[in-house]
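>>> turn this into a structure:
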Amino acid sequence: MTDAEPGTRQPAGPISPDLTDLRETLRSLEIFARLTEDQLDWLTSVSHPAVCEDGEVLFRDGDEATHFYVLLDGGLVVTKVVDGREEVLTRHYAHEVTGEQHDNKPSAAHRFTGELPLLTEGGYVATVAASGTTTVLAYPKAVFLEMLARCQGVAAVLLPVLAWRIKSSEVQARNRATVEALGTLAAGLAHELNNPAAAVARAAEDLGTAVDLLTATAQAWGAAAGAEERAAFDRLVAALEKAAPPADGDAIDQADDLDDIEDWAVDAGANRPEVLASGVSDLGLDLDWLRAQLVQVGEDALPAALDHLAAVLETRALTAELRAAGPRISQLVAATRDYANLDRAPEQQFSVTEGIDNTLTMLRAKLARVKVVRDYAPGLPRLTGYPSELNQVWTNLVDNAVDAMGGEGTLSLHARVEGGCLVVEVADTGHGIPEETLPRIFEPFYTTKDVGKGTGLGLHLSYRIVTQRHRGSLSARSVPGDTRMTVRLPLGGTVDGAVCAVPGA
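Predicted coordinates for the structure are as follows:
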């Protein structure tokens, strides 16, 4: 292959077939089957077959679109790098290959490629390479556009194929988005479950030993103490139950209290002074308070009292960890269920803000360095629609916002009612979207991310979910430091969307 225009490579190895044979070959192709004799004469004059060896690249994802290619013989493989992995999107064959038909692919779709970016003034949206020795026709952009103008029969075949390709790409992207959402869900859930699950495991492991110590120290304390001493100890335990850790304690003072209690307990003969000191000082209590509670306990019984108190404090701390971890795990499971809308009808009544909050829970690991500001108007009504699909929209908008901020900044989420619409705004403090590209961000295959880091379909799919599935609108405005994606959803459900058009549109 030889270099052509920057970023694009033309097939090497031009061949000079008999023009009559070439004309008949062109006539046999579905895309050219409707051409008149004059149109075929012109097309033959501008057609120059060339041979590509196996693996030679016709064009690469992101290159400027310069040529329209027609496949005469051999095959083409269409790939795209997504999140660092090269995926095969489809294969084109000049001749039917058993077992390769899929997704109702039109037969004409096998025989040409490269038309979409030429029509949309964009770059190629995938990489296309020869599969085996392959013969193609490469038409420069100007010739391709003239072909459409001269030969209406070409457009009659090309446009349905183009529509199928866009739909097929959307389906692939939707499936990929579903897999990515499940991956996000799994990663977020694993991250969030790690702390409470570890707490449960640690507490369960330690609790057996703690209960054994509690039993042993209770027996020793019962044998050592008299009735009045036991009554004083019971009052101490009751007072500790009512005590709560201080909200704004001084760390230095608390450390001093811990040292004082531990030193005193050592002198008193306690076997586990560090456990006792930690349990008491964590509640914001000091040595003077503890000694006052134990004033009725004699010197001989004091070591047993302190050991039993340490065992009580340790056991209660472990059970408190279990009590705190259990609801947290239940909360995460509930958030996961609500995020995915498991076991529910597709269309249902739902709370938009609950969906947003569940999305934030799933993305919490990615939001570690992001300040999240929620501004929800009180009393927001429930909507009727497809909450699991909207959760994909919230995931995409939040994920894009975090990427735009480089993983740190302020993410603001606003929800309010305007007229007959529930309005959600997702705002970030990132670098913003260039003014010249802002009108195109909802177009299929358009992306401002680096090649391999975006499909160009995330916002397009979000746009379709909002506008087509929910009869709402999705718009964007952006300046550096303030990008806002605004979703408007009709309060009347998916049947009443006219009121939620973009203002001024």
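>>> setting aside sequence neighbours, what's the nearest residue to residue 164?
For residue 164, ignoring the flanking residues on the chain, the nearest one in space by CB to CB, 6 or more residues apart in numbering is residue 106 at 5.8 Å. Any C-beta I mention is one placed from the backbone N, CA and C, and that applies to glycine too.
>>> thought residue 163 was touching the one you found, still the case?
No. With contact defined as CB atoms under 8 Å, residue 106 does not count as touching residue 163 (9.8 Å).
>>> quick one, which of the two is more surrounded?
residue 106 (14 against 11; other CB atoms under 10 Å).
>>> if I look at the more buried one, how far off is residue 283?
Remark: distance between residue 106 and residue 283 (CB to CB, to the nearest Å) = 74 Å.
>>> kindly report the same for residue 358.
For residue 358 relative to residue 283 (CB to CB), the value is 35 Å.
>>> who's more crowded, the two?
Using other CB under 10 Å, the more surrounded residue of residue 358 and residue 283 is residue 358, with 24 against 17.
>>> what helix or strand is the more buried one on?
helix 352-362 (DSSP states H and E).
>>> now do the buried residues in that helix.
Across helix 352-362, burial judged by 16 or more other CB atoms under 10 Å covers 352, 353, 355, 356, 357, 358, 359, 360, 361, 362.
>>> so what does it touch, helix or strand wise?
Applying 3 or more CB pairs under 8 Å, 6 or more residues apart in numbering; DSSP states H and E, one finds that helix 352-362 makes contact with helix 152-224, helix 302-340, strand 370-376, helix 387-404, strand 409-418, strand 421-428.
>>> and with 7 Å instead?
If you count contacts as 3 or more CB pairs under 7 Å, 6 or more residues apart in numbering; DSSP states H and E, helix 352-362 packs onto helix 152-224, helix 302-340, helix 387-404, strand 409-418.
>>> CA-only coordinates of that helix in CSV, if you can.
Output in CSV follows, covering the C-alpha atoms of helix 352-362 (Å, rounded to 0.1, in the frame of the first residue of the first chain):
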residue,chain,number,x,y,z
VAL,A,352,-36.2,10.2,39.3
THR,A,353,-34.1,11.4,42.2
GLU,A,354,-34.0,7.8,43.6
GLY,A,355,-32.6,6.7,40.3
ILE,A,356,-30.0,9.4,40.4
ASP,A,357,-29.0,8.6,44.0
ASN,A,358,-28.7,4.9,43.2
THR,A,359,-26.5,5.8,40.2
LEU,A,360,-24.2,7.9,42.5
THR,A,361,-24.0,5.0,44.9
MET,A,362,-22.9,2.7,42.1
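>>> ok, of the buried residues of helix 352-362, which one's closest to residue 264?
Distance to residue 264 across the buried residues of helix 352-362 (CB to CB) is lowest for residue 361, with 45.2 Å.
>>> who touches stretch 311-321?
199, 203, 206-207, 210-211, 213-214, 217, 237, 275-276, 279 (CB atoms under 7 Å, 6 or more residues apart in numbering).
>>> what about it, distance to the chain center?
39 Å (CA atoms, centre = their mean, to the nearest Å).
>>> hey, what's residue 92 bridged with?
For residue 92, the beta-bridge partners are residue 76 (DSSP bridges).
>>> coming back round to it: contacts only, for the residue nearest to residue 164.
Counted by CB under 7 Å, 6+ apart, residue 106 has contacts 160, 161, 164.
>>> swap in residue 287?
Residues near residue 287 by CB under 7 Å, 6+ apart: 257, 260, 261, 264.
>>> surely residue 225 is in contact with residue 303?
No. Counting by CB atoms under 7 Å, residue 225 does not reach residue 303; the two are 11.2 Å apart.
>>> more neighbours, these two?
Between residue 225 and residue 303, residue 225 has the larger neighbour count (other CB under 10 Å), namely 21 against 18.
>>> tell me the contacts of that one?
Residue 225 touches 233, 301, 304, 305, counting by CB under 7 Å, 6+ apart.
>>> likewise residue 283?
With contacts defined as CB under 7 Å, 6+ apart, the neighbours of residue 283 are 240, 243, 245.
>>> go with 8 Å
By CB atoms under 8 Å, 6 or more residues apart in numbering, the residues touching residue 283 are 240, 243, 244, 245, 246.
>>> tell me the secondary structure for it?
Secondary structure state of residue 283, per DSSP: H, G, I helix; E, B strand; the rest coil, is coil.
>>> state the distance from it to residue 306.
16 Å.
>>> residue 278 too?
13 Å.
>>> kindly report the same for residue 232.
13 Å.
>>> neighbour count winner among the two?
residue 306 (27 against 17).
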